[in-house]
Every structure is written in structure tokens, then in C-alpha cells.
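> the amino acid sequence is not available; the structure is as follows:
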Ligand code: ADP
Ligand code: MG
């Protein structure tokens with residue numbers, strides 16, 4: 001047995017990787033962070049509670065067996081949940097002191113890439129196609145495109161980290177000798193402070209200025225950190241001048257980075273600035289289906305439609321919901337159903353409870369027009385019924401993330417073109433007729 005905890009952990013991972021499908025291994029073991037040995041416990045960070053439950057319920061036996069083998073029965077494993085409130089992981093970095101290695105082998109360990117974050121696993125839609133194309137171009141020829149630096153901004157949970165790490169994974173797969181490093185801005189700063197304290201700033205600078213591809217995540221973190229910004233400015237210049245590639249992400253656009261050196265933001269603007277938007281309904285569906293598929297879970301269509309309709313602006317939340325669901329179903333050994341999904345998510349994702357459901361809209365509109373709600377679904381062509389139905393369809397489009405297809409299906413299996421017609425007709429009336437506009441705004445107020 002090795003006496004080095006990191007080596008023991010590597011052996012455990014290696015043993016498990018031989019027993020699992022490749023994709024499952026990457027998904028569930030890739031994000032684990034080895035935090036070190038405490039007494040005789042190997043401490044391992046997991047991204048969040050859902051993740052932990054899933055891991056424990058699916059892979060407990062394999063893990064325990066691998067730990068037993070690798071440690072000769074001497075050690076146990078314990079987990080630490082790393083998530084903070086907004087889903088970003090806190091303390092994601094091991095407490096280990098940084099070093100600024102110059103050997104290639106040591107460098108390899110510093111790349112810090114999660115193998116799951118690849119371009120293949122990144123679902124493309126209108127919301128992210130441009131950013132993805134730019135990232136791919138950069139990954140194919142780092143430093144040799146006009147996209148230097150590449151600056152990607154988007155609110156949390158829309159795939160920035162995924163995309164920036166995909167660049168690293170892709171270009172390293174093509175060229176193992178490439179000196180690529182992924183680092184969060186927080187870690188860059190912490191390492192820099194450590195270097196100052198230990199009189200190693202020269203090592204620090206040399207290290208970061210020696211890379212071919214620098215992937216620096218979440219640079220909004222540098223706001224107000226003057227000295228770190230200055231150090232980064234010099235790193236930036238040095239890399240830029242020698243034709244090395246720089247990729248940066250931020251949760252806000254350049255001009256909203258406050259307490260940021262002007263010359264730094266203006267230099268970042270020399271390259272390509274692009275953003276990622278929240279995914280549309282179809283992209284959300286595709287992300288869910290792809291993820292479930294890669295876990296070997298069959299996700300009924302109505303469930304993925306419900307999730308994609310309920311969680312609209314954050315892919316991380318969408319994934320958490322799915323993981324929660326898969327974890328739960330595997331623990332109790334049941335299939336995923338719509339009823340179960342609603343129930344589980346009511347409890348764990350308050351946002352879902354607040355979304356307006358199609359049923360609720362139908363009932364409210366029917367009441368408003370003093371009609372039984374069944375008439376909205378029936379094939380009744382009376383004018384006032386048709387109008388109420390059109391208003392209800394219009395509100396479903398406006399207020400929910402549901403697709404035209406599923407809205408149509410909810411109104412007695414009508415075609416999506418009927419929904420489009422209703423939406424356009426009501427929108428037109430709202431624009432032309434102040435009475436209708438007032439009616440609709442009263443109705444909408446009921447849902448806010
Ligand atoms: P950010 O860094 O912008 O906060 P992340 O890159 O951490 O967001 O993305 C959050 C989660 O959503 C990750 O698990 C990521 O794999 C997933 N994700 C985001 N966008 C996509 C996409 N287009 N296709 C597949 N997965 C995605
Ligand atoms: Mg991120």
C-alpha cells in the first residue's frame with residue numbers, strides 16, 4: 001500500500017474506472033475533489049447534496065471496496081459537500097499549498113480540468129452557438145486566431161466553465177505537450193497572495209507566463225483587487241506578446257466590471273467578446289435528454305417537458321433537478337413519473353412551485369370569462385369560447401416556458417399552429433384595442 005494519500009486516492013479512482021462505463025465514471029467521479037487525509041479518513045469533496053446522494057446510492061459498494069483494497073482496510077472515506085448558496089462550489093480547491101512547478105509531469109497535475117466538460121457534451125442552441133464556435137476555433141488553434149483574448153460572459157449557470165474547460169480538454173487531447181492551465185480567478189489570487197507571503201512571486205510570475213493556453217474563469221472576482229489585477233495585467237501582456245492564448249470568463253460584461261483597471265479591460269476588448277444567453281425551451285430539453293441518456297436513465301418525455309418548462313434560465317438548476325430526480329428514483333427503485341417529479345421538485349426547488357402551470361391558467365381564464373374550464377379544451381367553436389381559449393393559449397405562451405406543442409396538447413390535443421394563431425391574434429388585439437389590453441393585464445396580474 002502506498003503511504004501517499006493522493007496516490008491511494010488515484011488508485012481508488014483507477015479501480016473504479018475499470019468497473020464502470022466510461023461516461024458514468026466521468027460524470028460521477030470526475031467532479032470529486034480529493035481534499036486530503038484527516039486521521040484515517042480520506043476526505044473527498046462532492047459538488048452538492050444531490051450529487052452526494054446519487055453517488056452514495058449508486059456506487060457505495062464499489063467505492064467502499066476500492067477504498068478497502070487500496071488502503072489494505074486501513075482507511076475509510078468521508079464526504080464533504082462543497083456547494084454554497086448559488087450553486088457555485090466553495091472551497092473547491094484543496095487546502096494544499098500551491099507550488100509553481102516547472103517540470104512537465106508536475107504541470108500535468110496543475111491543469112485542473114474536469115474531463116466531463118467537453119464540446120461533445122455541450123448542447124448547442126441559438127443561445128450559445130456563437131460562443132461555442134469561437135471556443136472551438138480557439139481550441140483548434142490556440143493563439144493563432146484573432147480571438148485573443150476570448151472573453152465569454154453570462155450569468156451564473158449558463159455554461160461558461162463548461163465551455164472554457166472544453167477548450168482545455170480539446171486542445172490537450174490534440175497536443176499533450178501544450179502547456180494549458182485552467183484556473184479560477186480566486187485561485188489565481190490566492191496563489192498570488194501565498195507567493196507574496198513566501199517570497200515566491202518570481203516563481204509565480206514565471207509559472208503563469210510560461211503557459212501556452214491560460215483559461216481564467218470568473219474574472220469579475222478581480223474587482224477591487226488591485227495588486228492581483230496588476231500581476232494579471234503583466235501576465236496578460238507577456239502571454240499576448242508571445243502569441244499565447246488567453247481565455248477569460250466573467251458573470252458580467254466588460255463595461256460592468258467596476259474597480260477594474262481601464263487599461264486591462266480595454267486590452268481584453270482587443271480580442272473577441274461574446275456572451276451566452278439562457279437556453280430556449282428546445283435547448284433545455286436537449287440538455288436534459290442528453291444528460292439523462294448519458295447516465296443511462298430513461299426520462300419520459302412529459303417529465304423532460306415539465307422540467308424544461310419549469311426551470312427556464314439556469315442550466316445548473318436544470319441539472320440539479322434532474323440529478324435529484326435520478327438519485328431519488330434509484331434509491332427507491334422506482335421509475336421517473338411526472339407526478340413524482342412534481343412532488344419532489346415542489347419540495348426542493350421553490351422556483352418550480354412559483355411557475356404558473358398550464359392548468360392554472362386555463363382555470364383562471366375560464367373563471368374570468370365565466371365559463372367551465374372544460375370548454376376551453378373541448379371542440380366548441382362558439383365565439384366567446386374560442387376567444388377565451390385563445391386568451392388562455394396566449395397567456396400560456398407568455399407566462400410559461402412550455403413549448404407550443406405541449407401547450408397545444410394541453411388544449412385538447414390541438415396543433416401547435418393553432419397556438420401560434422391564438423398568440424398572434426390576441427397580441428394584435430392587445431395592440432389595437434385598449435379594452436382587450438386592460439383585460440389581459442388584469443388577467444396577467446393574477447399570476448404575478
Ligand atoms: P457557469 O460557469 O456559467 O456558472 P457551468 O459551466 O458551471 O456554468 O454550467 C453549469 C452546469 O450546466 C454544468 O454542469 C454544465 O455542464 C451544464 N451546462 C451548461 N450549459 C450546457 C450546455 N449547453 N450543454 C450541456 N450542459 C450544459
Ligand atoms: Mg463557472
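Good, I have the coordinates. Computed from a predicted model, the values in this text were never measured in an experiment. Ligands and ions are numbered 1, 2, ... in the order given.
> so which bits of this structure are right by ligand 1?
Within the chain, the residues that sit near ligand 1 (CB under 6 Å from any ligand atom) are 121-123, 128, 154, 156-162, 287, 315-316, 319. Every C-beta, even on glycine, is put in place using the N, C-alpha and C of the backbone.
> can you pick the most crowded of the residues you listed?
Among the residues of the chain next to ligand 1, the one with the most neighbours (other CB atoms under 10 Å) is residue 128, at 27 neighbours.
> which of the residues of the chain next to ligand 1 fall in helices?
Among the residues of the chain next to ligand 1, the ones falling in helices (DSSP state H) are 160, 161, 162, 287, 315, 316, 319.
> ok, back up a step: which ones among the residues of the chain next to ligand 1 also lie next to ligand 2?
Applying CB under 5 Å from the ion to these, one finds that 160, 161 fall near ligand 2.
> now for the residues of the chain next to ligand 1: which two are most distant?
Checked with CB to CB, those reach their widest spread between 121 and 156, with 19.0 Å between them.
> list the buried ones in the lengthiest helix in the chain?
Longest helix in the chain, counting residues (DSSP H): helix 49-71. Along helix 49-71, these residues count as buried under the neighbour rule (16 or more other CB atoms under 10 Å): 50-55, 57-59, 63, 66-67, 70-71.
> in the chain, what residue comes closest to ligand 2?
residue 161 (3.2 Å; CB to the ion).
> I'd assumed residue 215 was in contact with that residue.
No. Judged on CB atoms under 8 Å, residue 161 makes no contact with residue 215 at a distance of 9.5 Å.
> so where's the stretch 201-350 of the chain uncertain?
Low-confidence regions of the stretch 201-350 of the chain, defined by pLDDT under 70, span residues 347-350.
> what residues does the stretch 151-300 of the chain have near ligand 2?
Checking the stretch 151-300 of the chain against ligand 2 by CB under 5 Å from the ion, the hits are 160, 161.
> please enumerate the helices of the stretch 151-300 of the chain.
Assigned by DSSP state H, counting those that start in this stretch, the helices in the stretch 151-300 of the chain fall at 160-174, 185-197, 201-209, 226-241, 262-268, 281-294.
> let me know the pLDDT of the residue in the chain that ligand 1 sits nearest to.
Among all residues of the chain, residue 159 sits closest to ligand 1, at 2.8 Å; criterion: CB to the nearest ligand atom. Per-residue confidence (pLDDT) for residue 159: 96.
> separation between it and residue 287?
9 Å (CB to CB, to the nearest Å).
> what is in contact with these two at once?
Residues touching both residue 159 and residue 287 (CB atoms under 8 Å, 6 or more residues apart in numbering): residue 315.
> picking up where we left off before, out of the helices of the stretch 151-300 of the chain, flag the one nearest residue 3.
Nearest of the helices of the stretch 151-300 of the chain to residue 3, taken as CB to CB: helix 185-197 at 26.0 Å.
> could you give the angle of that closest one to helix 226-241?
Relative orientation of helix 185-197 and helix 226-241, computed by axes from the mean of the first three to the mean of the last three CA atoms, to 10 degrees: 100 degrees.
> for helix 185-197, give me every contacting residue.
For helix 185-197, contacts defined as CB under 8 Å, 6+ apart pick out 93, 97-98, 100, 183, 200-201, 203-204, 208, 216-222, 225, 227-228, 231-232.
> that helix vs helix 201-209, what angle?
Following the same axes, to 10 degrees, one obtains 150 degrees for the angle between helix 185-197 and helix 201-209.
> how long is stretch 429-438 from one end to the other?
Start-to-end span of stretch 429-438 (CA to CA, to the nearest Å) is 11 Å.
> for the host helix or strand of residue 12, give the mean pLDDT please.
Counting by DSSP states H and E, the element that carries residue 12 is helix 5-19. The average pLDDT within helix 5-19 is 90.
> how about the residue of the chain closest to ligand 2, nearest residue that isn't a chain neighbour?
In space, residue 161 comes closest to residue 217 once its chain neighbours are excluded; the distance is 5.7 Å by CB to CB, 6 or more residues apart in numbering.
> which strand residues bridge the one you found?
residue 184 (DSSP bridges).
> what about it, how many neighbours?
Residue 217 is flanked by 21 other residues according to other CB under 10 Å.
> residues contacting it?
Neighbouring residues of residue 217 by CB under 8 Å, 6+ apart: 160, 161, 164, 182, 183, 184, 185, 249.
> now these in TSV, with distance to residue 338?
Below are the contacts of residue 217 laid out as TSV (distance: CB to CB, whole Å):
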residue	distance to residue 338
160	32
161	31
164	36
182	39
183	42
184	38
185	41
249	36
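> quick one: which of these is nearest residue 296?
residue 161 (24.7 Å).
> residues in contact with the closest one?
So residue 161 contacts 117, 217, 249 (CB under 8 Å, 6+ apart).
> give me the pLDDT for the nearest residue in space to the first one that is not next to it in sequence.
The shortest distance from residue 117 to any residue that is not its chain neighbour, by CB to CB, 6+ apart, is 3.8 Å, and that residue is residue 165. Residue-level confidence at residue 165 comes out at 96, pLDDT.
> any idea how many residues pack against residue 165?
Using other CB under 10 Å, residue 165 has 24 other residues around it.
> and what of residue 263?
By other CB under 10 Å, 11 other residues sit near residue 263.
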